[in-house]
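> Using only what follows, build the 3D model:
(one chain, ligands or ions: 1)
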Amino acid sequence: MSSSTDILIIGGGWIGLAIAIELKLRGMREVRVLSRSFTEAAAHVAAGMLAAQGEGIRTGPMLDLCLRSRAMYPDWTSKLTAITGEDTGYWSCGILAPVYEIPDNITTTSDAEWLDKKEIHQYQDGLGADVVGGWWFPKDAQVDNRRALAKVLQMAAQELGVEVREGIEVKEIQQQQGQVISLQTNRGELRGSHYILATGAWSGQLLSVPVYPKKGQLFSVRVPESYQELPLQRVLFGPNTYIVPRRDGLIVIGATAEDVGFSPHNTPEGMQALLGRAIRLFPVLKYFPIQEFWWGYRPATPDELPILGPSPWQNLTLAVGHYRNGILLAPATANLIADFVCQQKSDPLLSHFRWNRVSLRS
Ligand code: GLY
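Residues are numbered from 1 along each chain as shown. Predicted structure coming up:
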C-alpha cells in the first residue's frame, strides 16, 4: 500500500491508537482515528496486567500471540517513552498465581515455577491461609494503564501527527460491491481509502462480527502510610481475582466477568463477590482504605480469541475482540495489522484469528 493511502481507524481505544502509532512509524502519511469517547475504552478499566501466562492460556496460537506481545512490551514502552518523554509504568514484576486446590498436572519450566504450600507462603507473606500452592510466572508483568500509558498513547499519536478526532460516533459503515465507501457519523460523512475497525465491545453494533460486552467491575485501595515497605511487590492472580500493586502504594483489584450487556455501574452483588475473593486471597486488604470503584466492558468473542486481519470488504481490516487481553496484545496487534495493511504481509499467526474461523460460528 502506498504511503499516501488515507487510513481511517474507527475506534480510539488502545488498539486503535497502537495501530495508528505503528502505521505512522512505518511512514504512512495520512492516519486518522475516529474516537467516540476515549474514556470508554476497555483499557481504562483494566488493571494493566501483562498476564500472558497468568491468564491460564496454556497452549495454542493465543498463547503464542500473548507471549509474542509480552516480549515486545519493554521495547514498545521504551519507544513510546522516547517519543513522549513520559513513563508508562511498565514493571516486570512477575505474577504469582495462588490456588486453593492442587491441580492435576504440575510441571515446572524455566518460566513457570510450581511452588508448594510451604514455598508459596514463604515466597509471599500474607497470603490467605487456604492457599495450597501456586505458580510463579517471572516473565509476566504490568503497566500502569489508567494513570500512565493511556496518556502516553494519546501523546505519542499526537506527536507523530496522527489526527485523532474525539467525539466522532460512527453510525454506519457504508459498503458497495465488496468495498467500504464511506462512514456515516454524527458529524457527517467521512471517507478514507482504507479502514480499520478497532471498536472494542461495541464492534457488533457496527458490523456483523460476534463481539459482545463482558462487564468487569474493579476497585482500588491504598497501602496505609504507616507501612515502611509495600506488602505486595508482584501481581497476585488467584481464582477469579487479581491484585495488582503499583509502585506508589495503589493496589488495583479485579474483576467480575458478567454477561449483562451494556449495563452500567458497580453493583452491590459484584462488589461483594470481588471484595470477598480479594480478602480471601490477601486478607490484610480488608484494612486498606478504598480509593475508587469502577467498571467497564471487555470485547468478548465466542471462542475468546481476537478477530484480526482481513474482512469480507477488501479495504476494511479488523482488530477487535481482544476480550481479557487488550492491553497485553496491543503491541503485537499493531505490528500484525501494520504488516498486513502496509505490506500485505500475512503472518502465519494471523490465520488463527480470521473473521470466518469455524469456532466463531458455534
Ligand atoms: N485481563 C483481566 C480481565 O479482563 O479482567
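> Going by C-alpha atoms from here, please, whenever you check contacts or count neighbours.
Fine.
> Only the buried residues of stretch 74-90, if you could.
By 16 or more other C-alpha atoms under 10 Å, the buried positions in stretch 74-90 come out as 76-78, 80-81, 83-84, 86-90.
> Neighbours of the residue of the chain found nearest the ligand, how many?
Taking C-alpha to the nearest ligand atom, the ligand has its nearest neighbour within the chain at R324, 3.5 Å off. For R324, the neighbour count with other C-alpha atoms under 10 Å is 24.
> and V358, how many neighbours does it have?
Residues near V358, counting by other C-alpha under 10 Å: 9.
> Kindly apply the preceding question to V152 instead.
V152 has 21 neighbouring residues, counting by other C-alpha under 10 Å.
> surely it meets E86?
Yes - contact criterion C-alpha atoms under 8 Å: V152 and E86 qualify, at 6.4 Å.
> overlap in contacts of these two?
Counting by C-alpha atoms under 8 Å, 6 or more residues apart in numbering, the contacts common to V152 and E86 are L80.
> Which positions in the protein make contact with the ligand?
Residues of the chain found near the ligand (C-alpha under 6 Å from any ligand atom) are 255, 324-325.
> where's the residue lying closest to R234 once chain neighbours are set aside relative to A141, distance?
Leaving aside its chain neighbours, R234 sits nearest to C93 (5.0 Å; criterion: C-alpha to C-alpha, 6 or more residues apart in numbering). Relative to A141, C93 is positioned 5 Å away (criterion: C-alpha to C-alpha, to the nearest Å).
> Show the contacting residues for R234.
R234 makes contact with 93-96, 244-245 under the criterion C-alpha under 8 Å, 6+ apart.
> Looking at the residues you listed, state which has the most neighbours.
The most neighbours of any of the contacts of R234, using other C-alpha under 10 Å, belong to I95, which has 31 neighbours.
> pretty sure S35 is in contact with E163, am I right?
No - using C-alpha under 8 Å, S35 is not in contact with E163; the gap is 10.5 Å.
> Mind checking which of the two has more residues around it?
Under the neighbour definition other C-alpha under 10 Å, S35 and E163 were set side by side, and S35 has more, 25 against 15.
> Please, where are all the helices along this structure?
When assigned using DSSP state H, the helices of the chain occupy the ranges 14-25, 42-45, 60-84, 117-123, 150-159, 268-281, 326-343.
> Format those helices as JSON lines; extra columns: mean pLDDT.
Formatted as JSON lines, these follow (pLDDT from 0 to 100):
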{"stretch": "helix 14-25", "mean pLDDT": "98"}
{"stretch": "helix 42-45", "mean pLDDT": "82"}
{"stretch": "helix 60-84", "mean pLDDT": "98"}
{"stretch": "helix 117-123", "mean pLDDT": "98"}
{"stretch": "helix 150-159", "mean pLDDT": "97"}
{"stretch": "helix 268-281", "mean pLDDT": "98"}
{"stretch": "helix 326-343", "mean pLDDT": "97"}
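> Minimum distance to V132: which of those has it?
With C-alpha to C-alpha, the closest approach to V132 among the helices of the chain belongs to helix 117-123: 4.5 Å.
> what's the spacing between the closest one and its chain's center?
Offset of helix 117-123 from its chain centre (C-alpha atoms, centre = their mean, to the nearest Å): 30 Å.
> what's it packed up against?
Under the contact criterion of 3 or more C-alpha pairs under 8 Å, 6 or more residues apart in numbering; DSSP states H and E, helix 117-123 touches strand 133-137.
> Let me see the residues that make contact with the strand it packs on.
With C-alpha under 8 Å, 6+ apart as the test, strand 133-137 has contacts from 53-54, 94-102, 111-120.
> Dump that strand to CSV, keeping only the CA atoms.
C-alpha atoms of strand 133-137 as CSV (Å, rounded to 0.1, in the frame of the first residue of the first chain):
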residue,chain,number,x,y,z
GLY,A,133,0.3,-23.8,46.3
GLY,A,134,0.6,-21.8,43.1
TRP,A,135,2.6,-20.8,40.0
TRP,A,136,5.2,-18.2,39.7
PHE,A,137,5.4,-16.6,36.3
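> Pull up the pairing partners for that strand, direction included.
Sheet pairing of strand 133-137 (DSSP bridges) gives strand 95-99 (antiparallel), strand 113-116 (antiparallel).
> now the angle between helix 268-281 and the longest one, please.
Between the axes of strand 95-99 and helix 268-281, defined by axes from the mean of the first three to the mean of the last three C-alpha atoms, to 10 degrees, the angle is 90 degrees.
> Need the residues that contact strand 95-99.
51, 54, 120, 131-141, 234-239.
> Likewise for the last one?
Strand 113-116 is contacted by residues 106-108, 132-137 when judged by C-alpha under 8 Å, 6+ apart.
> Can I get the buried ones among the residues you listed as something I can paste into PyMOL?
Per 16+ other C-alpha under 10 Å, the buried members of those correspond to this PyMOL selection:
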select buried, resi 132+133+134+135+136+137
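> Rebuild the contacts of strand 113-116 as CSV, extending it with pLDDT.
Listed next are the contacts of strand 113-116 as CSV, based on pLDDT from 0 to 100:
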residue, pLDDT
I106, 92
T107, 85
T108, 86
V132, 98
G133, 98
G134, 98
W135, 97
W136, 98
F137, 98
